[in-house]
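Visitor: here is the input, now give the coordinates:
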Amino acid sequence: MKLLTRVKTFVATGLATAGRLYAGDLNAIQDAVAAQSDYAQRIDAGTYGIGEVALALLRYGSGEARLTGAYRTDGIVRALGGLYAGQFTTSARDAIAAGANLTPYGLMIFNTTTNRLEINKGNDTTRNWQPLGGLNVSQSGTLKGNEGGINLIPGSGVTMTIADNPGTGNVDITINAPPAAVAGIIPIGGIILYGVSADPINYLLCDGRSLVRVSPYDQLFAVIGTTFGAADGSHFNIPDLRGRVPVGVNTKVPLATNEGVTVNARNVSHNHFLSQLPQQEFGLYTSTPGAGLNHLITGVTSGDAANQDSPAFLGIQFAIRYQ
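Guide: Alright, predicted model coming up:
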């Protein structure tokens with residue numbers, strides 16, 4: 001029904017019946033007014049004004065209504081069909097004008113640039129957009145495509161501090177404890193056994209390569225320096241363990257001692273002789289005329305097969321940590 005529907009059209013003659021007000025007319029007016037409190041009825045209108053010109057409730061489109069201004073409720077909003085957050089790029093979000101209740105504390109949006117829900121933890125004038133749930137971990141200020149995990153070893157003594165970075169939409173993560181000071185973690189310069197013929201993450205295979213002394217190898221250079229060699233004043237070498245067996249350091253074997261031949265540098269078959277001077281008494285021997293030496297044994301042959309000149313071994317990679 002319509003609001004206060006007309007019950008009778010009166011004329012100015014003052015004559016019955018259209019010019020006079022009767023008891024039935026008053027009853028009809030009362031019934032029309034009473035119907036406004038009938039909450040079961042449906043009242044249709046294109047637009048309802050709400051106290052001021054700028055505020056209105058209107059039909060926005062098929063199956064959709066619109067409130068032209070901000071909306072506040074003292075109760076719970078139940079979105080049985082789902083709750084939809086407004087979409088903003090980072091630039092559009094930051095371009096929202098400052099003003100009362102335009103970007104209040106607790107305002108939630110969906111940022112299409114970072115593909116995440118964000119909440120304003122600041123206020124209308126000083127915004128502090130933070131991700132709503134979860135962390136976006138970045139390295140050197142570059143946002144990664146996928147969120148990474150942070151693994152802490154229980155009992156290692158490593159602590160992690162997470163703090164808001166106001167205005168950036170990110171957080172600062174600080175890992176407290178240098179790797180060399182934590183038990184159970186390989187320090188910079190530490191060497192591990194590795195069963196793959198490729199550099200592991202944060203490690204380099206010990207192949208004697210020459211590296212620059214600046215990032216990303218500056219931490220390793222600070223630890224080992226030129227102990228294992230250097231091509232010039234801006235480079236340094238890492239250990240070369242290819243075909244070699246590491247030996248513990250002592251006074252006869254200083255750090256980085258490198259002697260002997262590598263395992264793969266075997267000699268081909270060759271002879272060895274045991275000799276003595278002519279006038280020496282040394283049991284039975286044979287003599288070679290004109291040689292100047294008498295040979296006890298002649299023609300001892302050293303082979304070049306794979307199982308000679310070295311103990312049993314298994315090839316495996318060594319890798320040194322550089323960051």
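Visitor: which pLDDT value goes with the closest residue to Asn101 other than its chain neighbours?
Guide: Take Asn101 and drop its neighbours on the chain: the residue closest to it by C-beta to C-beta, 6 or more residues apart in numbering is Ala70, 5.4 Å away. Using the backbone N, CA and C atoms, a C-beta is placed for each residue, glycine as well. Ala70 carries a pLDDT score of 82 in this model.
Visitor: for the one 10 residues further on, same thing?
Guide: According to the predicted model, the pLDDT of Leu80 comes to 90.
Visitor: care to break the chain down by domain?
Guide: As given by automatic domain parsing, the domain ranges for the chain are 78-179, 186-268+303-323, 270-302.
Visitor: averaged pLDDT, the last one. What do you get?
Guide: What that stands for is domain 270-302. Averaged across domain 270-302, the pLDDT comes to 52.
Visitor: all helices for the chain, in order.
Guide: Secondary structure of the chain (DSSP state H): helices located at 23-34, 90-94, 218-224.
Visitor: right, and the ones you listed - which one's nearest Glu259?
Guide: helix 218-224 (19.4 Å; C-beta to C-beta).
Visitor: so for that closest one, mean pLDDT?
Guide: Mean predicted confidence for helix 218-224 is 95.
Visitor: can I get the CA coordinates of that helix in PDB?
Guide: Extracted C-alpha coordinates of helix 218-224, given in PDB (Å, rounded to 0.1, in the frame of the first residue of the first chain):
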ATOM      1  CA  ASP A 218      81.900 -11.100   1.400                       C
ATOM      2  CA  GLN A 219      80.900 -13.100   4.500                       C
ATOM      3  CA  LEU A 220      82.900 -16.100   3.400                       C
ATOM      4  CA  PHE A 221      85.900 -13.900   2.500                       C
ATOM      5  CA  ALA A 222      85.700 -12.400   6.000                       C
ATOM      6  CA  VAL A 223      86.100 -15.900   7.400                       C
ATOM      7  CA  ILE A 224      88.600 -17.700   5.200                       C
END
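Visitor: pLDDT at Ala256, what is it?
Guide: On pLDDT, Ala256 comes in at 92.
Visitor: and the gap between it and Gly24?
Guide: 117 Å (C-beta to C-beta, to the nearest Å).
Visitor: could you tell me the least trusted of the helices of the chain?
Guide: Note on the helices of the chain: helix 23-34 shows the lowest mean pLDDT, a mean of 87.
Visitor: with adjacent residues omitted, what lies nearest to His20?
Guide: One correction, residue 20 is Arg, not His. Distance criterion C-beta to C-beta, 6+ apart; nearest residue to Arg20, sequence neighbours excluded, is Gly14 at 6.9 Å.
Visitor: so that neighbour makes contact with Leu21?
Guide: No. Counting by C-beta atoms under 8 Å, Gly14 does not reach Leu21; the two are 10.4 Å apart.
Visitor: quick one: contacts for Val263?
Guide: In this structure, Val263 makes contact with 243-245, 310, 313, judged by C-beta atoms under 8 Å, 6 or more residues apart in numbering.
Visitor: most neighbours among those residues, please name it.
Guide: Neighbours here mean other C-beta atoms under 10 Å. Within the contacts of Val263, the largest count is held by Arg244, at 16 neighbours.
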